[in-house]
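Engineer: let's see this in three dimensions:
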Amino acid sequence: MSVSRHLVHALGLASLASLSACTWVKMENQAYEVRVAGADESLSQCKRLGEIAVEVKDKVGFYRRDPIKVQDELEVMARNEAPRMQADTLQAVAPPLNGEQRWIAFNCRGGVGQGVTAADSAAETRASGEAETFPVR
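Structural biologist: Down below sits the predicted model:
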């Protein structure tokens, strides 16, 4: 192979590697108020509002994207959709599969933006000795 052909291959690989670092989904302002409940958390005191189905690319060409980034983007998309349903809490139905995930939307506070905020919820979680994670913007 010639030097220019090696350069083209190297640039192609570098481009694919840089794509894996991209975050394609941005969180909307109201989505910051939406809490993500753990899979084993009981939400029986909340009103179930429906389901949200989200989907992102889990591979670009032959390159598989980082599963954690895919999962974060799916969560952000679901959180972006939740306020449109008057939901303040989401719970995943199952882990992501092939870039798709379903979520159950709940209203646990009586109205979006009322009552406990996401920051209050995080402080309460930390106080009980558990950790809560948020996607990186």
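
Engineer: can you pull the contacts of residue 25?
Structural biologist: 56, 73, 76-77, 80 (CB atoms under 8 Å, 6 or more residues apart in numbering). The way it works is simple: take the backbone N, C-alpha and C, and place the C-beta from them, glycine included.

Engineer: give me the nearest residue to it, chain neighbours excluded.
Structural biologist: residue 73 (4.3 Å; CB to CB, 6 or more residues apart in numbering).

Engineer: most neighbours of all the contacts of residue 25, which one?
Structural biologist: When neighbours are counted by other CB atoms under 10 Å, residue 73 leads the contacts of residue 25 with 26 neighbours.

Engineer: that residue reaches residue 55, doesn't it?
Structural biologist: No. The pair residue 73 and residue 55 fails to qualify as a contact (CB atoms under 8 Å) at a distance of 9.8 Å.

Engineer: where exactly do the strands run in this protein?
Structural biologist: Assigned strands in the chain, in chain order: 35-37, 47-55, 59-60, 63-64, 89-92, 100-107 (criterion: DSSP state E).

Engineer: so where's this structure shaky on pLDDT?
Structural biologist: Scanning the chain for pLDDT under 70 picks out 1-23, 111-137.

Engineer: quick one: the helices in it?
Structural biologist: Assignment of helices within the chain using DSSP state H yields the ranges 3-20, 67-81, 118-127.

Engineer: now the contacts of residue 25 in a markdown table, with distance to residue 29?
Structural biologist: Below are the contacts of residue 25 laid out as a markdown table (distance: CB to CB, whole Å):
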| residue | distance to residue 29 |
| --- | --- |
| 56 | 21 |
| 73 | 18 |
| 76 | 12 |
| 77 | 15 |
| 80 | 10 |
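
Engineer: what is the nearest of these to residue 47?
Structural biologist: residue 80 (20.3 Å; CB to CB).

Engineer: check contacts around the closest one.
Structural biologist: By CB under 8 Å, 6+ apart, the neighbours of residue 80 are 25, 27-28, 31.
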